[in-house]
Every structure is written in structure tokens, then in C-alpha cells.
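> just need the structure, nothing else, for what follows:
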Amino acid sequence: MVNKVVYILLYMGLDACPVSPRQLRSLNYVIVSCGRKIFNVNSSEIAAKCLKMFGVSDLAELVATRKDRFVRKYMSSSSVVCEICVICS
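Numbering: from 1, shown residues only. From the prediction side, this is the model:
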């Protein structure tokens, strides 16, 4: 699930349609709810900890990491368009 769904969401969906923090929380709720069903627990906190133990990061953290990586690549790009945008911002 994690290798396919979360990464497809990150690499395809968020480029075309940026999401608000509220939408990120909603998407993260879906992942934690799936974890609750997989691990057969009632608590969201326990499900989140179990997911962390299996390498499933919080969706907001993954999005922040991806944005940081993009900004670093954008700032170091030698493209004229990128240089103009950096100067203007």
C-alpha cells in the first residue's frame, strides 16, 4: 500500500493540485484509519505508532520533505527562468 498509493499521491497528485493543511490532515486520517483496520486497534495514536514502526511516515512530513527538495533543486538550477523567479521573489 505505502509503496504504491502514497508515492503516487506525492509524485503525481500534489504537483498538479497543491493541498491545504486541512486536506493533508484528511488524507493522513485515511492512512491512519487503514492502519487501524490492518492492526486491528481502536486508537488512532496506536495505529500511527504502528505505521511509523513499519516505515509509513506522516503525510505532512512527506509533503514538506518533497517541497524542500524541490526548492533546493529550483534554487540551484542554472535555468534563466529559475534565476529570474529567484530574483523577483
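> what average pLDDT does the helix or strand containing Y74 get?
In the assignment (DSSP states H and E), Y74 maps to helix 59-76. For helix 59-76, the mean pLDDT works out to 78.
> can you name every helix or strand that that helix contacts?
helix 21-39, helix 80-88 (3 or more C-beta pairs under 8 Å, 6 or more residues apart in numbering; DSSP states H and E). C-betas here are computed from N, CA, C, even on glycine.
> could you identify which of the ones you listed has the lowest mean pLDDT?
helix 80-88 (a mean of 65).
> next, the buried residues of the helix holding Y74.
L59, L62, V63 (16 or more other C-beta atoms under 10 Å).
> again with stretch 30-45
I31, V32, C34, G35, R36.
> in a markdown table: those residues, plus distance to C50.
Below are the buried residues of stretch 30-45 laid out as a markdown table (distance: C-beta to C-beta, whole Å):
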| residue | distance to C50 |
| --- | --- |
| I31 | 12 |
| V32 | 10 |
| C34 | 11 |
| G35 | 6 |
| R36 | 9 |
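> A47 and S57: what is the separation?
Separation of A47 from S57 (C-beta to C-beta, to the nearest Å) stands at 14 Å.
> which one's more surrounded, these two?
A47 (21 against 15; other C-beta atoms under 10 Å).
> so what does the one helix or strand that one maps to touch, helix or strand wise?
Under the criterion of DSSP H and E, A47 resides in helix 44-53. Other elements packing on helix 44-53 under the criterion 3+ C-beta pairs under 8 Å, 6+ apart are helix 21-39.
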